[in-house]
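[1] Kindly return the folded structure for what I paste below:
(chains A, B, C and D)
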There are 2 protein chains.
Amino acid sequence: MNSILSKVSYFSHLPQEDILAIQKNALKRNFQTEQIVVMEGENNGGLYIIESGWLKVSKMSMSGREQVLNFLGPGDVFNAIAVFTDHPNQASVIALEDSTVWWIDQNTITKLIQTHPALAKQVIADLASRILHLIGLVEDLSLRTIESRLARVLLQSMENSQVTRQKWATQNEMAARLGTVPDVLNRALRKFVDEGIIDLKRHQIRILDIDALKLKID
Amino acid sequence: MNSILSKVSYFSHLPQEDILAIQKNALKRNFQTEQIVVMEGENNGGLYIIESGWLKVSKMSMSGREQVLNFLGPGDVFNAIAVFTDHPNQASVIALEDSTVWWIDQNTITKLIQTHPALAKQVIADLASRILHLIGLVEDLSLRTIESRLARVLLQSMENSQVTRQKWATQNEMAARLGTVPDVLNRALRKFVDEGIIDLKRHQIRILDIDALKLKID
DNA sequence: TCTCAAATCCGACTTATGTCGGGGATTTCT
DNA sequence: AGAAATCCCCGACATAAGTCGGATTTGAGA
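    Numbering: from 1, shown residues only, chains lettered A, B, ... in the order given. Next up is the predicted model:
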């Protein structure tokens, strides 16, 4: 069997024998929609690799507000922080739809890194890009209005003037990603519609006026 | 000369000969207060190590608002993102006081990492802890009130009920760190004073009621 | 020691964002 | 097909945070 493991960028540079070795220690698990894969505050070492499905990384406030740090899809790797530091998980990972995930023992990973510089390089690149993403999030939350954040997300996820939404990408989830509440996001979407910037359908958003949208970013 | 390089955690596990090799390629530079060391959007590869002084990593909005991502002191390393990704700098680094900084060529660094697993491990740990910090920042900005953020910072930077402020740690800088404006921070500080939680002096804050402060976190 | 610029403080006001109650529309499940 | 659960929409209101003008204090430099 030619595993998913050989396809994800994390392991793409490893020799075949190592991949097979990993595979022995790897565990395959299935998660249903809404199921919690990793719980904030707990300390489950080991690295997770997504074979199929979508998950979210998020934090909850005492008052029940949610902030999504990241959406994860096939090929993505998570729980790296717990593996490479002593700290417990700083966020929860929750399945947005039925997903299958591989789990690799912490020891296996750390040993491999010691002996395979290419893998180490890969890990470093992955962490760096995660930092990039988080800095963008901080910038959004601190320095931009909701409208501006929304405009950014729309422009980023657009493919020739269309933003097709995944089944799970409800306004609830989108709001949590932008750092606000559903009502406010809805208001912003509606405003864009009124201004003739977008056309809003249930599972699709068409961008009618890209330039106007770009201006919203500031 | 026994360089600063051998003392910073980044290089502490390298053999003496490598450290000497680095040192040959390293450049020492001085920066004055307010001087820009790294400019957001530019692309200057290479790793910086602080020998003395304090710097801030921050982003500016179009409207002139500032968000500090991090304060850096002696022994700290920065510009790692520019080194390990193709992206230009995502934030500026500015000297808060006269500082001296070492600069190491990008090639030198990347080669060393390939050949020294211990260094790679160090880099990974450093990036991971940076992620930890950024997640905390996101949590603050998205899910906490200003009072709550202030309480957190006070409790963190406290040493037996005293928070001694660096010369550069004005309310302006603190506000930029908390993701707000000076006026609002001042209001929050004043409120804590009125409530008898802290005692506010020019260069020192004494915490009078730790428990009350902890309650402010939520 | 005196002066000046920076830092802090303060009250009044504005605004973005959050909250709430509830009504309709769409999807999912039976 | 019908019922139930989401999801979406909307206006009225509440509030945290930001803005502004300006007074006061402090520390650094002449």
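[2] can the lowest-mean-pLDDT helix or strand in chain A be found next to chain B?
    Taking mean pLDDT, DSSP states H and E as the measure, chain A has helix A:16-25 as its least confident helix or strand, at a mean of 86. No - Helix A:16-25 lies out of reach of chain B by C-beta under 8 Å from any C-beta of the partner chain, never closer than 15.1 Å. (Glycine included, C-beta is placed from N, CA and C.)
[3] near DNA strand C, which residues of chain A?
    Residues of chain A lying near DNA strand C by C-beta under 7 Å from any atom of the strand: A:63, A:65, A:144-147, A:167, A:179-181, A:183-184, A:202-203.
[4] Can I get those residues in TSV including distance to residue B:34?
    Shown next, in TSV, are the residues of chain A next to DNA strand C (distance: C-beta to C-beta, whole Å):
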residue	distance to residue B:34
A:63	40
A:65	37
A:144	26
A:145	29
A:146	33
A:147	33
A:167	51
A:179	31
A:180	35
A:181	39
A:183	43
A:184	38
A:202	52
A:203	51
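[5] from the residues you listed, which ones fall inside helices?
    Counted as lying in helices by DSSP state H, out of the residues of chain A next to DNA strand C, are A:146-147, A:183-184.
[6] So of these, which two are at opposite extremes in space?
    Maximum pairwise distance among these (C-beta to C-beta): 14.3 Å, between A:147 and A:183.
[7] These two: which has the busier surroundings?
    Ranked by neighbour count (other C-beta atoms under 10 Å in any protein chain shown), residue A:147 and residue A:183 place residue A:147 first, with 18 against 10.
[8] any idea of the mean pLDDT in the helix or strand following the least confident helix or strand of chain A?
    The helix or strand immediately downstream of helix A:16-25 is strand A:26-31, counting by DSSP states H and E. Strand A:26-31 shows a mean pLDDT of 94.
[9] what does stretch A:59-66 give?
    In this model, stretch A:59-66 has a mean pLDDT of 95.
[10] just how off-centre is it within its chain?
    Distance of stretch A:59-66 from the chain centroid (C-alpha atoms, centre = their mean, to the nearest Å) equals 18 Å.
[11] List the buried residues of that stretch.
    Neighbour counts over stretch A:59-66 (16 or more other C-beta atoms under 10 Å in any protein chain shown) mark A:59, A:65-66 as buried.
[12] Contacts (any at all) between DNA strand D and it?
    No - applying C-beta under 7 Å from any atom of the strand, one finds stretch A:59-66 out of contact with DNA strand D, separated by at least 10.9 Å.
[13] quick revisit: filter the buried residues of stretch A:59-66 by proximity to chain B?
    Filtering the buried residues of stretch A:59-66 for proximity to chain B by C-beta under 8 Å from any C-beta leaves A:59, A:65.
[14] Identify those among the buried residues of stretch A:59-66 that sit within strands.
    Judged by DSSP state E, strands contain the following of these: A:59, A:66.
[15] and which of the buried residues of stretch A:59-66 is nearest to residue B:156?
    Checking these against residue B:156 by C-beta to C-beta gives residue A:59 as the nearest, at 18.1 Å.
[16] Please name the bridge partners of that closest one.
    With DSSP bridges as the criterion, residue A:59 is bridged to residue A:67.
[17] ok, it - contacts?
    Going by C-beta atoms under 8 Å, 6 or more residues apart in numbering or on different chains, residue A:59 touches A:40, A:66-67, A:69, A:90-92, B:135, B:138-139, B:142-143.
[18] What spatial separation is found between it and residue B:105?
    Applying C-beta to C-beta, to the nearest Å, the value for residue A:59 to residue B:105 is 38 Å.
[19] In terms of helices and strands, where is the closest residue to residue A:127 other than its chain neighbours?
    In space, and not counting its chain neighbours, residue A:127 is closest to residue B:127: 4.1 Å by C-beta to C-beta, 6 or more residues apart in numbering or on different chains. For residue B:127, the host element (DSSP H and E) is helix B:117-143.
[20] Make sure residue A:29 is actually in contact with residue A:98.
    No - if you go by C-beta atoms under 8 Å, residue A:29 and residue A:98 don't touch, sitting 11.7 Å apart.
[21] what touches both of the two?
    Common neighbours of residue A:29 and residue A:98, using C-beta under 8 Å, 6+ apart, do not exist here.
[22] nearest to DNA strand C, of the buried residues of stretch A:59-66?
    Ranked by distance to DNA strand C (C-beta to the nearest atom of the strand), those are led by residue A:65 at 6.3 Å.
[23] and the closest one, what is it in contact with?
    Contact partners of residue A:65, counting by C-beta under 8 Å, 6+ apart, are A:181, B:142-143.
[24] where's it relative to residue A:38, distance?
    The spacing between residue A:65 and residue A:38, counted by C-beta to C-beta, is 20 Å.
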